[in-house]
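Participant: Quick one, fold the following:
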Amino acid sequence: MAKLKPVPPTATPRGQKRRREKPQRPALDDDLPDSSAGIIAAKAARREKPSNEIPQVLHQNDDDDSDDCNVSSEDEAHDMISNKSDAFDEMESSCSFQRHVTHVLANDEVNALVNQKSKFKWEMPAEEIPKSKWVGTGEKIKGASDDPFVDVKGKLKDHWQKILSDDLNYRSRFFSLCNSYRDIMHCNKKPFYLKGSKVDSSTMDAYLMHALSHVHRTRDVVIKNDAKLRNDANTDVMEDDSYRDQGFTRPKVLFLLPLKSIARRIVKRLIQLSPLAQKDNSMGQFKKEFGESDDELEEPNSSKPTDFNLLFAGDVEDHFLFGIKFTKKSVKLYSNFYASDIIVASPLALKLKIDGGEVTKKKGRPKENDSDFLSSIEIVVVDYADVISMQNWSHLHAVLEQLNHLPSKEHVTNVMRIRPWYLDEQARYYRQTIILSSYLTPEMNALFNGLCLNYEGKVKLASEFTGVLPKIQLEIRQVYERFDASSIGELDDARFEYFCTKVYPKIQESDEGGVLLFASSYFEYIRLSSFLKSQDASFCRIGEATSQQDISRARLWFFEGQKKILLYSERSHFFHRYKIRGGHHLVVYSLPGRKDFYPELVNMLGESGNPRCNVLFSRLDLLKLERIVGTSSARRLISSDKDMFVFC
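Facilitator: Model (predicted):
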């Protein structure tokens with residue numbers, strides 16, 4: 001079975017090349033003391049008469065492939081303009097891309113976004129997703145067009161219509177949703193490892209096509225404007241806002257993914273959806289580092305559930321970071337970050353990259369911040385957020401906070417061509433964030449509400465659940481005990497107080513043993529461990545950081561009855577899916593986020609002659625509760641005057 005590989009903090013992300021220093025235009029003052037001064041300098045430069053020199057399109061030449069990246073050359077401009085299928089003149093205002101990037105935010109709009117005044121006030125059916133609907137802010141999205149790719153032009157559209165001739169329904173509907181440029185929270189996606197490969201692949205195709213369309217649209221606009229400036233040397237860029245078509249840096253799309261095996265699936269499909277060829281040398285390196293097969297697990301572990309074997313097949317390393325560049329003829333992987341159109345990364349690798357360029361000092365001088373390539377990201381896709389939540393959610397939060405900051409220096413960009421909303425520090429209001437997960441957590445909600453401020457509005461999936469209680473194979477009384485917590489800030493302390501005063505004394509009085517104590521978060525796991533130690537309790541523990549030797553010892557002690565309590569964490573169950581034997585009494589300190597874990601835990605008591613189950617919950621646990629007992633039952637549990645409920 002593949003294991004997660006620990007990554008030392010000093011590790012260098014794979015795929016990163018050392019960038020050769022190049023002369024830069026003195027458009028921004030590198031010695032400005034702070035970012036606000038940089039904005040002032042850039043705005044002042046915009047008021048000056050620009051030179052007639054045509055800047056290199058999309059900001060950079062690549063180190064080892066400058067001829068391919070020089071997209072402003074006459075031959076490519078002629079190729080792009082003369083090809084009617086690319087339809088430069090069809091960049092009409094009705095195009096979602098053009099409408100989105102040319103919108104000018106008013107002050108009252110900005111204030112409303114900062115104060116989060118918008119509410120989910122409309123809904124529409126979510127077809128092919130049972131008992132679900134989309135709810136949104138802003139203007140209601142119109143129904144899907146007969147031609148879902150109406151905004152897609154040229155070879156890209158022709159290629160998709162050729163390779164996606166079958167099963168376009170769900171794929172095209174989600175593409176239309178992405179193409180609205182709104183922030184999206186899709187937290188009821190059936191992943192490939194839960195027998196949802198068809199739906200998962202369609203969703204992936206939709207956001208990949210949206211990303212490709214955005215990159216090609218951006219590229220086409222720049223090339224078109226370069227050609228116009230080349231043909232008319234007397235054109236004053238400042239007289240026409242249509243020439244403001246760039247960001248501070250080139251990368252426009254960011255994919256944040258949890259595992260290498262998942263990144264491999266997405267990148268391979270991205271290349272298939274692109275009409276361009278890929279370079280053999282970069283694909284060779286990609287196959288060497290990420291593998292060639294989607295399923296490298298030769299013999300699945302029969303003792304583990306099927307979904308575990310599928311998810312952890314192949315390379316499950318969680319440290320990767322590389323760029324993808326689209327040129328005139330090809331797709332190139334492992335391009336220089338500042339010469340890339342798309343960045344593919346794990347939150348861990350990108351967090352280490354950001355931290356490595358901030359405060360470290362050498363010879364008395366601060367090290368250069370090398371995260372400027374995140375300054376102009378316009379689309380972020382966070383897929384398999386449920387898996388990321390089992391790694392370290394704070395890494396993802398830190399990465400999203402770092403996006404769309406002012407760069408520390410100028411990166412071969414003509415400030416006369418930078419879009420005004422970049423210079424006005426409004427880029428975060430134009431960024432689209434798409435979050436996909438198999439379930440919703442309070443942390444996802446907080447991130448979506450706090451860091452996703454797209455002026456277009458938000459759309460999220462609202463679902464009803466039937467619950468997973470029918471999957472329990474035992475005849476067992478499951479006692480749900482509700483405790484009071486007035487706010488999220490008080491929830492952890494209220495839960496701990498209830499356990500210490502109401503639950504643990506009963507465990508202490510009983511001589512039976514075999515108590516399996518389950519905690520869903522690492523914080524709860526550590527807190528309970530410290531409490532049990534302080535009580536001199538007879539216990540052992542299995543957490544995600546527990547060594548294999550200690551895990552084997554703890555399982556044996558618990559099975560033989562040498563230890564009365566086994567403390568078990570959700571992350572440990574996620575990464576190992578142990579079947580714990582010797583349990584008679586399951587105490588669920590906090591409900592698992594992954595609903596299928598609950599029946600697995602209860603069914604572990606199958607060897608007991610007198611199994612018992614107690615579950616602690618509060619009104620603030622509704623998201624977890626409804627996935628386990630069902631939406632209707634969950635609402636009764638949190639609204640009832642009673643505090644104790646029994647399921648059989």
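Participant: would you put the C-alpha positions of stretch 550-561 in CSV?
Facilitator: Taking Å, rounded to 0.1, in the frame of the first residue of the first chain, the C-alpha atoms of stretch 550-561 are listed here in CSV:
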residue,chain,number,x,y,z
ASP,A,550,2.8,2.0,18.5
ILE,A,551,-0.3,1.4,16.4
SER,A,552,0.2,-2.4,16.4
ARG,A,553,0.9,-2.3,20.2
ALA,A,554,-2.2,-0.2,20.9
ARG,A,555,-4.5,-2.5,18.8
LEU,A,556,-3.2,-5.6,20.6
TRP,A,557,-3.6,-4.0,24.0
PHE,A,558,-7.1,-2.9,23.3
PHE,A,559,-8.1,-6.3,21.7
GLU,A,560,-6.8,-8.2,24.7
GLY,A,561,-8.4,-5.8,27.2
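Participant: For stretch 270-283, measure first residue to last.
Facilitator: 13 Å (CA to CA, to the nearest Å).
Participant: Pull out the buried positions in that stretch.
Facilitator: For stretch 270-283, the neighbour count (16 or more other CB atoms under 10 Å) marks 270-271, 273-276, 278-279, 282-283 as buried. All C-beta spots, glycine's among them, are computed from the backbone N, C-alpha and C.
Participant: Go through those and name the one nearest residue 647.
Facilitator: residue 270 (45.1 Å; CB to CB).
Participant: Quick one: residues contacting the closest one.
Facilitator: For residue 270, the contacting residues are 208, 211-212, 324, 331, 342, by CB atoms under 8 Å, 6 or more residues apart in numbering.
Participant: which of those has the weakest pLDDT?
Facilitator: Of all these, residue 331 carries the smallest pLDDT score, 92.
Participant: pretty sure residue 463 is touching residue 186, no?
Facilitator: No - Residue 463 lies out of contact with residue 186 (CB atoms under 8 Å); the separation is 10.2 Å.
Participant: which one of those two has more residues nearby?
Facilitator: Between residue 463 and residue 186, counting by other CB atoms under 10 Å, residue 186 is the more crowded of the two (25 against 17).
Participant: beta partners for that one?
Facilitator: On the basis of DSSP bridges, residue 186 is bridged to residue 436.
Participant: where's the nearest residue in space to residue 214 that is not next to it in sequence relative to residue 454, distance?
Facilitator: Distance criterion CB to CB, 6 or more residues apart in numbering; nearest residue to residue 214, sequence neighbours excluded, is residue 379 at 5.7 Å. Residue 379 sits at a distance of 10 Å from residue 454 (criterion: CB to CB, to the nearest Å).
Participant: so what sits against both of the two?
Facilitator: Counting by CB under 8 Å, 6+ apart, the residues touching both residue 379 and residue 454 are 431-432.
Participant: Return the residues in contact with residue 193.
Facilitator: Residue 193 neighbours (CB under 8 Å, 6+ apart): 306-308, 310-311.
Participant: Reformat the buried residues of stretch 270-283 as CSV; add secondary structure, distance to residue 612 and pLDDT.
Facilitator: Formatted as CSV, the buried residues of stretch 270-283 follow (DSSP: H, G, I helix; E, B strand; the rest coil; distance: CB to CB, whole Å; pLDDT from 0 to 100):
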residue, secondary structure, distance to residue 612, pLDDT
270, helix, 50, 95
271, helix, 54, 94
273, helix, 53, 93
274, coil, 57, 93
275, coil, 61, 91
276, coil, 61, 86
278, strand, 58, 70
279, coil, 61, 63
282, helix, 58, 78
283, helix, 56, 83
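Participant: Between the residues you listed, which sits nearest residue 375?
Facilitator: Nearest to residue 375 out of the buried residues of stretch 270-283 is residue 270 (CB to CB; 22.8 Å).
Participant: ok, now how distant is the closest one from residue 331?
Facilitator: Taking CB to CB, one finds residue 270 at 8 Å from residue 331.
Participant: Now the common contact residues for the two.
Facilitator: Common contacts of residue 270 and residue 331 (CB under 8 Å, 6+ apart): residue 324.
Participant: rewinding a little: how about the contacts made by the residue nearest to residue 214?
Facilitator: Here residue 379 is in contact with 210-211, 214, 252-254, 431-432, 434 (CB under 8 Å, 6+ apart).
Participant: 10 Å instead?
Facilitator: Residue 379 sits next to 178, 181, 207, 210-211, 214-215, 252-255, 342, 431-434 when contact means CB atoms under 10 Å, 6 or more residues apart in numbering.
Participant: same check, this time on residue 141
Facilitator: Residue 141 sits next to 122, 124, 134, 176-177, 179-180, 182, 457, 459 when contact means CB under 10 Å, 6+ apart.
Participant: what touches both of residue 463 and residue 186?
Facilitator: With CB under 10 Å, 6+ apart, residue 463 and residue 186 have common neighbours 126, 129, 132, 440.
Participant: which one of these is nearest residue 262?
Facilitator: Relative to residue 262, the closest of the shared contacts of residue 463 and residue 186 is residue 440; by CB to CB it sits at 19.5 Å.
Participant: and the chain, what are its domains?
Facilitator: 89-230+242-293+305-356+369-463, 469-647 (the TED database).
Participant: Name the stretch among those that sits most buried.
Facilitator: The highest mean neighbour count among the domains of the chain, using mean count of other CB atoms under 10 Å, belongs to domain 89-230+242-293+305-356+369-463: a mean of 19.
Participant: For residue 223, see how far away the closest residue to residue 411 other than its chain neighbours is.
Facilitator: The shortest distance from residue 411 to any non-neighbouring residue, by CB to CB, 6+ apart, is to residue 249 (5.1 Å). Going from residue 249 to residue 223 by CB to CB gives 18 Å.
Participant: can you check residue 462 too?
Facilitator: In terms of CB to CB, residue 462 sits 42 Å off from residue 223.
Participant: circling back to that earlier point, distance of the residue nearest to residue 411 relative to residue 573?
Facilitator: Per CB to CB, residue 249 is found 42 Å from residue 573.
Participant: Check residue 435 too.
Facilitator: 24 Å.
Participant: hey, what's the residue nearest to residue 214 bridged with?
Facilitator: Bridge pairing for residue 379 - DSSP bridges - gives residue 253, residue 432.
Participant: which residues of the stretch 51-200 of the chain fall in strands?
Facilitator: Under the criterion DSSP state E, counting those that start in this stretch, strands of the stretch 51-200 of the chain are mapped to 122-125, 132-136, 183-186.
Participant: Is it possible to get TSV of these that adds distance to residue 583 and mean pLDDT?
Facilitator: As requested, the strands of the stretch 51-200 of the chain are arranged in TSV below (distance: least, CB to CB, whole Å; pLDDT from 0 to 100):
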stretch	distance to residue 583	mean pLDDT
strand 122-125	43	92
strand 132-136	35	94
strand 183-186	36	97
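Participant: do you know which of those lies nearest residue 155?
Facilitator: strand 183-186 (26.8 Å).
Participant: out of the contacts of residue 270, who's nearest residue 153?
Facilitator: Nearest member of the contacts of residue 270 to residue 153, counting by CB to CB, is residue 212, at 11.7 Å.
Participant: what ranges do the strands span in the stretch 351-500 of the chain?
Facilitator: Going by DSSP E, counting those that start in this stretch, the stretch 351-500 of the chain shows strands at 361-362, 365-366, 379-382, 432-436, 458-463, 478-482.
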